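In: Below are the sequence and a predicted model; questions follow.
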Amino acid sequence: RAKLLKESTEWLMYVLQAVPIVGVTPFILAGLGFGVGAKSLVVFLVAVFPILINTTHGADQTPRELLEVAKISHSTEWSVWRDVLIPHTLPFAMAGISQGIAGAFVGTIVAEFFLNPSGIGGMLLLASARFQSATVLGLTILVAVLAVLFIACGRWLEDHASPWRRGVDE
């Protein structure tokens, strides 16, 4: 059943991820207005797909031997999830969350550009319109530094959520 569900929905996940957020923004604006709800939806749409894709990839990468051992030992469905699938999938999900954090930050800037010129995105848009190149450069560097810090926080979270994986990638 899980394989059928994955095969019937995986294509939709990739299609939705491929849709440019800039193209969807007018529809979000028409449906939700200029408020926090619209910004939140943009951030969610940018962040959720790396998490979903990495998590499903992690579940696919679960060694069949582990699943067979669980089946042979008559493990319940819950114990297979608790003892095999979740521990194996967690590092993949955390990597997706790390990527999602970076995407959410970019999504926030995009939402501020198009939905309600506020925050760093609004200041960047205003400075660009006024040809204030020093301000644009400074804000761009600030955005880059903040993005690196957010990604580092995501990596830290990833390392602490699955300590048994430390050293595997090195």
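Out: Perfect, I can see it now. Numbering: from 1, shown residues only.
In: Next, work out how far apart the spatially most central residue of the chain and Phe27 are.
Out: Taking C-alpha atoms, centre = their mean, the centroid of the chain lies closest to Gly100, which sits 2.2 Å from it. Counting by C-beta to C-beta, to the nearest Å, the gap from Gly100 to Phe27 is 22 Å. To be clear about C-beta, it is placed using only N, CA and C from the backbone, and glycine gets the same treatment.
In: Please enumerate the helices of this protein.
Out: According to DSSP state H, the chain carries its helices in the segments 2-18, 21-32, 36-60, 64-72, 77-80, 86-114, 119-129, 133-161.
In: would you turn the ones you listed into JSON lines with mean pLDDT?
Out: Below are the helices of the chain laid out as JSON lines (pLDDT from 0 to 100):
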{"stretch": "helix 2-18", "mean pLDDT": "78"}
{"stretch": "helix 21-32", "mean pLDDT": "81"}
{"stretch": "helix 36-60", "mean pLDDT": "86"}
{"stretch": "helix 64-72", "mean pLDDT": "84"}
{"stretch": "helix 77-80", "mean pLDDT": "84"}
{"stretch": "helix 86-114", "mean pLDDT": "82"}
{"stretch": "helix 119-129", "mean pLDDT": "82"}
{"stretch": "helix 133-161", "mean pLDDT": "84"}
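In: Deepest-packed of those, please.
Out: For the helices of the chain, average neighbour numbers computed from mean count of other C-beta atoms under 10 Å are highest in helix 86-114, which has a mean of 20.
In: got the angle for it vs helix 36-60?
Out: 150 degrees (axes from the mean of the first three to the mean of the last three C-alpha atoms, to 10 degrees).
In: how many degrees apart are helix 86-114 and helix 64-72 in direction?
Out: Using the same axes, to 10 degrees: helix 86-114 against helix 64-72 is 120 degrees.
In: how much does helix 86-114 deviate in direction from helix 119-129?
Out: Using the same axes, to 10 degrees: helix 86-114 against helix 119-129 is 40 degrees.
In: chain center to helix 86-114: distance?
Out: 2 Å (C-alpha atoms, centre = their mean, to the nearest Å).
In: So which other helices or strands are in contact with that helix?
Out: helix 21-32, helix 36-60, helix 119-129, helix 133-161 (3 or more C-beta pairs under 8 Å, 6 or more residues apart in numbering; DSSP states H and E).
In: Show me what the shortest one is packed against.
Out: What it means is helix 119-129. Taking 3+ C-beta pairs under 8 Å, 6+ apart as the contact cut, helix 119-129 packs with helix 86-114, helix 133-161.
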